[in-house]
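S.K.: Here is a sequence with its predicted model. Questions after.
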Amino acid sequence: MIGCASNVRFKEEEIILREGEAADKFFLLREGKVALEINIPQHEPITVQTLEGGDILGWSWLIPPHFYRFTCRALTEVRAIALDGKCLRNKCEENHDLGYELLKRLANVFTQRLEVTRKQLINIYEVERK
């Protein structure tokens, strides 16, 4: 992953990723909090999850057609390591062991995000039933 990474900072309320834009980076959060938001026309964005230091942000660089699926906004000042998605995809093509290891780790992230979404849907359903 050497050559694909750089240190970055984002100010509070700064948009880090925007839903629908080309997914060319992802981030390993070192410090701070980030809201994963979905945009709904004529409605305020809805936060579906809050990420913190140690979390991964922006896995859409791996899945074609490589467009971000959420808008991500810094809730506090954020320090992160930015990874170039295209550079990393190329390194994974060259080194399948690296690609497999990375995919296993990202599969855990996918599973965690789906579980959070599942719990939110259960909560919404329970509220609507009452």
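M.R.: Received the coordinates, thanks.
S.K.: what's the burial count for residue 119?
M.R.: 10 (other Cβ atoms under 10 Å). Heads up, the C-betas are built off the backbone N, CA and C, glycines and all.
S.K.: Mind pulling up the pLDDT for it?
M.R.: pLDDT recorded at residue 119 is 82.
S.K.: Double-check that it belongs to a helix.
M.R.: Yes. Under DSSP: H, G, I helix; E, B strand; the rest coil, residue 119 sits within a helix.
S.K.: residues in contact with it?
M.R.: By Cβ atoms under 8 Å, 6 or more residues apart in numbering, residue 119 lies in contact with nothing.
S.K.: Kindly report the same for residue 23.
M.R.: By Cβ under 8 Å, 6+ apart, residue 23 lies in contact with 17, 58, 60-61, 66-68, 85.
S.K.: So which of those sit within strands?
M.R.: Under the assignment DSSP state E, these contribute residue 17 to strands.
S.K.: Of the contacts of residue 23, grab the buried ones for PyMOL.
M.R.: In PyMOL syntax, the buried subset of those is picked out as below (16 or more other Cβ atoms under 10 Å):
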select buried, resi 17+58+60+61+68+85
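S.K.: now the contacts of residue 23 as a markdown table including pLDDT and distance to residue 79?
M.R.: Below are the contacts of residue 23 laid out as a markdown table (pLDDT from 0 to 100; distance: Cβ to Cβ, whole Å):
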| residue | pLDDT | distance to residue 79 |
| --- | --- | --- |
| 17 | 95 | 16 |
| 58 | 87 | 15 |
| 60 | 87 | 22 |
| 61 | 86 | 20 |
| 66 | 91 | 25 |
| 67 | 94 | 26 |
| 68 | 93 | 20 |
| 85 | 89 | 20 |
